[in-house]
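A.B. asks: Build me a structure from this.
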Amino acid sequence: MKRLKSKNVYRFPIVMNRDTKITYDASPAHKGRLKNAVDFIVPEGTCVRAAFDGKIIDVKQDSDIGGNDESFDKHGNYIEIEHSNEEYSIYEHIRKNGSIVKIGDIVKEGQSIGFSGNTGWMGGLGPHLHFDVHIYFGEGPEDYETIKIMWEKEKL
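C.D. replies: Next up is the predicted model:
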């Protein structure tokens, strides 16, 4: 049976302020396997933090291309972290050369890992940070599904 929600408890990947907006369903990409993804609407250059302890397993930061239709998807920069309980988080739309971590680095919850950008498929939202927690069910890079994120505030 598929897991519906995360076992780990995650912290927001950015420092929240009164200007930050969060949306789960405004992006046209948040369907199917991405239905549990979240977007943090923030200015380019916002510091991105690890949402939970883990190991950096993938980084793409060579693009400065972004746009509002799906054809831009392949141009998105990202950082992916492997966590305990076979969970993974991804931070997408990182600015060009905006990662301050590399593959193999061990990171702690709250540690700065990069800076938000405007790369890839922006879906009409403008600059934002796409974040999701997912589990892999196969060998391919697209063989994953997002799960409901248990946020730190839910521990209270």
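A.B. asks: all contacts plus neighbour counts: C-alpha atoms, from now on.
C.D. replies: Will do.
A.B. asks: Could you check how many residues crowd around residue 127?
C.D. replies: Neighbour count for residue 127, taken as other CA atoms under 10 Å: 24.
A.B. asks: pLDDT value on it, please?
C.D. replies: Residue 127 carries a pLDDT score of 96 in this model.
A.B. asks: got the phi/psi numbers for it?
C.D. replies: phi -60, psi 130 (degrees, to the nearest 10).
A.B. asks: Apart from its neighbours in sequence, what residue is nearest it?
C.D. replies: Of all residues not flanking residue 127 in the chain, residue 118 sits nearest, at 4.9 Å (CA to CA, 6 or more residues apart in numbering).
A.B. asks: In what element of secondary structure is the residue lying closest to residue 101 once chain neighbours are set aside found?
C.D. replies: Counting by CA to CA, 6+ apart, residue 101 lies nearest to residue 113, which is 5.6 Å off, once chain neighbours are set aside. Assigned by DSSP states H and E, residue 113 falls within strand 112-116.
A.B. asks: Parallel or antiparallel, which strands does that strand pair with?
C.D. replies: If you go by DSSP bridges, strand 112-116 pairs up with strand 47-49 (antiparallel), strand 94-99 (antiparallel).
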